[in-house]
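Trainee: coords below, sequence missing:
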């Protein structure tokens, strides 16, 4: 999802309210579409220039316009079954207006279609980081595989996790840390291959965008992307194997076909 900002949420809720009002046949006094679009661009410029007083003033104006639109629609809303969608959207608009006011201490809404979205600011105190999740990841791995991990290779985001008393029996090997003249673990460089796999899962495996709703949808989407990644690996190996078999059947065993396969290997595979 895009970076959640109050200006984008105000503009989006205005578009949805205007669309629902048009579907219900409600004649609006003013939709405030041009005003909110202009204020959205100004708020983005103020945020980039770190002009927070002007940004606060623009957001306050957007909240006022969204409040006017909401009250105009509710005053003309007929008592029908389809009016429930408008009431739910009006409740979302009311929450957006309240959370921009100073002194708001309730949970903040970062998305209109997904209320469970959370924004974790990096580097702030009392916030979770990768090292805090290591213990529960080890427990989950133990439950799924039935094998208790003895060693684990992690990146530098897990610094400090090796001092956790709950995982004192596990050897935590952090990348870019040396032990004497050598590496902490002989397979430490293989840990760097995880990030490209995550990038391929986002681009090739459609992990970048989750279309399933709720926290349960996040779990299902992650499992489906992992299954798809494993299936693509299996298909790549099978394609290489079938290509080698066809090459052998066509009599092309006089020279290697694939890197790492010579005449002896081809004969062994053909047998």
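Mentor: Arrived safely, thanks for sending. Note that this is a predicted model, so its numbers are computed, not measured.
Trainee: Now that residue 229 has come up, it's in contact with residue 199, right?
Mentor: No: counting by Cβ atoms under 8 Å, residue 229 stays clear of residue 199, with 11.4 Å between them. Heads up, the C-betas are built off the backbone N, CA and C, glycines and all.
Trainee: Verify the contact between residue 44 and residue 6 for me.
Mentor: No: applying Cβ under 8 Å, one finds residue 44 not in contact with residue 6, separated by 11.1 Å.
Trainee: And these two? Which one has more around it.
Mentor: Per other Cβ atoms under 10 Å, whichever of residue 44 and residue 6 has more neighbours is residue 6, with 23 against 15.
Trainee: So residue 72 lies in a helix, does it not?
Mentor: Yes: when DSSP: H, G, I helix; E, B strand; the rest coil is applied, residue 72 is found to be in a helix.
Trainee: Report the secondary structure state of residue 207.
Mentor: Here residue 207 is coil, with the state taken from three-state DSSP.
Trainee: Count the residues that sit near it.
Mentor: Residue 207 has 19 neighbours, counted by other Cβ under 10 Å.
Trainee: Now do the same for it: its pLDDT.
Mentor: Predicted confidence (pLDDT) for residue 207: 83.
Trainee: if I look at it, how far off is residue 201?
Mentor: Residue 207 sits 4 Å away from residue 201, going by Cβ to Cβ, to the nearest Å.
Trainee: which residues do those two both contact?
Mentor: Listed as contacting both residue 207 and residue 201 by Cβ atoms under 8 Å, 6 or more residues apart in numbering are residue 225.
Trainee: More neighbours: which of residue 229 and residue 199?
Mentor: Each of residue 229 and residue 199 has its neighbours counted (other Cβ under 10 Å); residue 229 has more, 17 against 13.
Trainee: contacting residues for that one?
Mentor: By Cβ under 8 Å, 6+ apart, residue 229 lies in contact with 197, 200, 201, 205.
Trainee: give me that answer again for 7 Å
Mentor: 201, 205 (Cβ atoms under 7 Å, 6 or more residues apart in numbering).
Trainee: do residue 28 as well
Mentor: Contact partners of residue 28, counting by Cβ under 7 Å, 6+ apart, are 18, 21, 72.
Trainee: What distance do you get for it to residue 20?
Mentor: For residue 28 relative to residue 20 (Cβ to Cβ), the value is 11 Å.
Trainee: Next: residue 155.
Mentor: From residue 155 across to residue 20, the span is 46 Å (Cβ to Cβ).
Trainee: quick one: which of the two has more around it?
Mentor: Neighbours per residue (other Cβ under 10 Å) separate residue 155 from residue 20, with residue 20 holding more: 20 against 14.
Trainee: Please confirm that residue 152 is located within a helix.
Mentor: No: per three-state DSSP, residue 152 lies outside any helix segment and is strand.
Trainee: what pairs with it across the strands?
Mentor: The bridge-partner assignment for residue 152, based on DSSP bridges, gives residue 172.
Trainee: isn't it right next to residue 170, touching?
Mentor: Yes: contact criterion Cβ atoms under 7 Å: residue 152 and residue 170 qualify, at 6.0 Å.
Trainee: So in the chain, which helix runs the longest?
Mentor: helix 214-249 (DSSP state H).
Trainee: Name the residues of that one that are buried.
Mentor: Neighbour-count burial for helix 214-249 flags 221, 225, 229, 244, 247, 248 (criterion: 16 or more other Cβ atoms under 10 Å).
Trainee: Just give me the least confident of these.
Mentor: Among the buried residues of helix 214-249, residue 248 has the lowest pLDDT, at 77.
Trainee: Tell me the pLDDT of residue 258.
Mentor: Taking residue 258 on its own, its pLDDT is 48.
Trainee: Can you give me the buried ones in the helix or strand hosting residue 139?
Mentor: Following DSSP states H and E, the helix or strand that holds residue 139 is helix 134-145. Buried positions in helix 134-145, judged by neighbour count with 16+ other Cβ under 10 Å: 134, 138.
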